[in-house]
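Asks: Show me how the following folds:
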Amino acid sequence: MIMMNKKHSCGFSLVEVMVAMVVGLIVMSGVFALHSATRKTQVKNEEQMDMVADARFAIEMIAFDLRHAGIWGGTSDYLLIDCYYNDPGCSTSSTGGEILPTVLGTDCAAGWYYDLENPVVGVTSGSAQLSACITSREAGTDMLAVRYADSSPRTILEEGQVYVRSSNLGGRLFIGDKQPFLDINDASSLTNNHEVHAYLYYVGTYSDVPGDGLPSLRRMSLVNGPSVEDQLLIPGVVDFQVAFGEDTDNDAKIDRYIDASKVTKWTKVYAAKIWVVMRTDEKQDSAIDTSVSFDIDGMTTSYGGTGGNRYFVVSSLANIRNIKREID
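Replies: Numbers count the residues shown, from 1 in each chain. Presented below is the predicted three-dimensional model:
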């Protein structure tokens, strides 16, 4: 029979086990804390990246509208189109029996949606122009109105939709599924029906419901009816500013970038600079100062403070190609 040596069979004492457990818990707590902090940082960075992506998508949407502004199907000369707002030569429908566009009671301004004469119009922060259709607008922000016809012809017409039937020789605005008859070139393959788009971009004081405290980039949009519909684009937008590149000496080159109130002729605006300032919905530690300053249109503008929200800006430049140029 083999006897075990008691000296070699001793284990850890209770004190040693407790010390090892405490040390292990401290190490694991540190690991979990580090993992949690890293994960929170990652989530916040992902949220901000998503917001930046949304902002860039919205700016590209606006830039797309600006690039197409002033094209009315087969022509960019609004004087060739009959029945635009304030057209003195349009009083009755053609032999096609179409419905003519009329002023809407809920429009952003009288005849706004078919004002072909001004396909791009900016509104500065201090102006109430075009605001008849807006219930709640963030103070100090700009508005931008854009109008054009869709480049793709419409073979099937919908009742209540606004269209322009046009070619390079002329056209006519109408509503619904009865197309007009054009006096010139009506039977040509170059004459087609195009859906008319009208948008007014602005910053509202809410996102989902009035009073929710989260401002958003929104737009009033011409929809079937015809009527004007308020649409949410991006929540969390606190500022929207636009500067317009104007040709002042008629050499087809931009001489200055100015805000809307200083534009002398919209037919001499060749481009627009756009700034969108966003803030995170989730707040950081309210004791942390998140104030930041951005250079917007040559001016330093400050945002944030100790509210806990973080701010960032996205900007872009859009060329305006199709507006009929006036030569002095």
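Asks: quick check, F57 in a helix?
Replies: Yes. Under DSSP: H, G, I helix; E, B strand; the rest coil, F57 falls within a helix.
Asks: any idea of the pLDDT on it?
Replies: At F57, the model reports a pLDDT of 86.
Asks: which sections of the stretch 51-200 of the chain are below the confidence cut-off?
Replies: Judged by pLDDT under 70, the stretch 51-200 of the chain has its weakly predicted residues at 126.
Asks: repeat that with 80
Replies: Regions of the stretch 51-200 of the chain meeting the criterion pLDDT under 80 cover residues 51-52, 125-129.
Asks: Spell out the residue ranges of the strands in it.
Replies: 81-82, 120-123, 143-149, 162-167, 170-175, 192-204 (DSSP state E, counting those that start in this stretch).
Asks: Give me the buried positions along the longest one.
Replies: For strand 192-204, the buried set under the neighbour-count rule, 16 or more other C-beta atoms under 10 Å, comprises 192-204. (C-beta placed from N, C-alpha, C; glycine too.)
Asks: will you turn those into CSV that also has distance to N250?
Replies: CSV is the format used below for those (distance: C-beta to C-beta, whole Å):
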residue, distance to N250
N192, 33
N193, 35
H194, 30
E195, 34
V196, 30
H197, 29
A198, 29
Y199, 29
L200, 29
Y201, 29
Y202, 32
V203, 34
G204, 38
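Asks: Among the residues you listed, pick out the one closest to D247, please.
Replies: Set against D247, the nearest of the buried residues of strand 192-204 by C-beta to C-beta is Y201 (23.5 Å).
Asks: Would you confirm that that closest one contacts R137?
Replies: No. At 11.2 Å, Y201 does not count as touching R137 under the criterion of C-beta atoms under 8 Å.
Asks: ok, back up a step: would you format the strands of the stretch 51-200 of the chain as TSV with distance to C108 included?
Replies: As requested, the strands of the stretch 51-200 of the chain are exported to TSV (distance: least, C-beta to C-beta, whole Å):
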stretch	distance to C108
strand 81-82	20
strand 120-123	10
strand 143-149	7
strand 162-167	14
strand 170-175	18
strand 192-204	5
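Asks: can you tell me which of these comes nearest to F64?
Replies: Across the strands of the stretch 51-200 of the chain, F64 has its closest neighbour in strand 143-149 (9.5 Å, C-beta to C-beta).
Asks: Report the backbone C-alpha coordinates of the closest one in CSV.
Replies: The C-alpha trace of strand 143-149 is given here as CSV (Å, rounded to 0.1, in the frame of the first residue of the first chain):
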residue,chain,number,x,y,z
MET,A,143,-35.9,77.9,-48.7
LEU,A,144,-35.4,76.8,-52.2
ALA,A,145,-38.1,76.4,-54.9
VAL,A,146,-37.3,74.3,-58.0
ARG,A,147,-39.5,73.4,-61.0
TYR,A,148,-39.0,71.3,-64.2
ALA,A,149,-40.6,68.6,-66.3
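Asks: And the contacts of it?
Replies: Strand 143-149 is contacted by residues 62, 65-66, 68-73, 108, 112-116, 118-123, 130-131, 137, 163-164, 166, 194-202, 240, 242, 272, 322 when judged by C-beta atoms under 8 Å, 6 or more residues apart in numbering.
Asks: List the buried residues of it.
Replies: Within strand 143-149, the residues that qualify as buried are M143, L144, A145, V146, R147, Y148, A149, counting by 16+ other C-beta under 10 Å.
Asks: Pull out the buried members of the contacts of strand 143-149.
Replies: Neighbour counting with 16+ other C-beta under 10 Å marks 62, 65-66, 68-73, 108, 112-116, 118-123, 130-131, 137, 163-164, 166, 194-202, 240, 242, 272, 322 as buried within those.
Asks: Mind giving me the packing neighbours of whichever strand or helix holds F240?
Replies: Element membership for F240 (DSSP states H and E) is strand 237-246. Other elements packing on strand 237-246 under the criterion 3 or more C-beta pairs under 8 Å, 6 or more residues apart in numbering; DSSP states H and E are strand 143-149, strand 192-204, strand 216-223, strand 256-258, strand 269-279, strand 299-303.
Asks: Kindly recompute the last result at 6 Å.
Replies: Counting contacts by 3 or more C-beta pairs under 6 Å, 6 or more residues apart in numbering; DSSP states H and E, strand 237-246 is packed against strand 256-258, strand 269-279.
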